[in-house]
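# coords please:
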Amino acid sequence: MEASMTEVLLSGLKLMLIGMGIVFLFLALLVWIINVTARLVNTFQPVQEASSAPKASVETDEAELVAVISAALRRSR
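Residues are numbered from 1 along each chain as shown. The predicted structure follows:
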């Protein structure tokens, strides 16, 4: 009735390998599904090119941000 240490270790090793194999297969399947989904999404909705924003508005926004920060620093002192 009593199992020897070798039998217990072998059954534990089998169980570990089966568990690791199942996890590996599940993760491989998950990666495959994500890749297929990404391809489908790109097929039906391609990535749109970003339009170039005028640089003047970006410089104006930066100048306004600097002015706001300077005013806040003067106010806090």
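
# which stretches of the protein have low pLDDT?
1, 46-47, 50-59 (pLDDT under 70).

# quick one, longest helix in it?
The longest helix of the chain (DSSP state H) is helix 5-44.

# packing partners for that one?
Using 3 or more CB pairs under 8 Å, 6 or more residues apart in numbering; DSSP states H and E, no helix or strand is in contact with helix 5-44. All C-beta spots, glycine's among them, are computed from the backbone N, C-alpha and C.

# chain center to the helix or strand where Ser70 lies, what's the gap?
Per DSSP states H and E: Ser70 is located in helix 55-76. How far helix 55-76 lies from its chain's middle: 34 Å, per CA atoms, centre = their mean, to the nearest Å.

# before we move on, what about stretch 38-49?
18 Å.

# Repeat that for stretch 31-44.
15 Å.

# Any buried residues in it, and which?
Neighbour counts over stretch 31-44 (16 or more other CB atoms under 10 Å) mark no residue as buried.

# Other residues contacting stretch 70-77?
Here stretch 70-77 makes contact (CB atoms under 8 Å, 6 or more residues apart in numbering) with no residue beyond itself.

# Put the alpha carbons of stretch 23-34 into CSV.
Taking Å, rounded to 0.1, in the frame of the first residue of the first chain, the C-alpha atoms of stretch 23-34 are listed here in CSV:
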residue,chain,number,x,y,z
VAL,A,23,0.4,26.1,-19.4
PHE,A,24,2.8,26.4,-22.3
LEU,A,25,0.2,25.3,-24.9
PHE,A,26,-2.4,27.7,-23.4
LEU,A,27,0.1,30.6,-23.6
ALA,A,28,1.1,29.7,-27.2
LEU,A,29,-2.6,29.6,-28.1
LEU,A,30,-3.1,32.9,-26.5
VAL,A,31,-0.2,34.6,-28.4
TRP,A,32,-1.5,33.1,-31.7
ILE,A,33,-5.1,34.4,-31.0
ILE,A,34,-3.7,37.9,-30.2
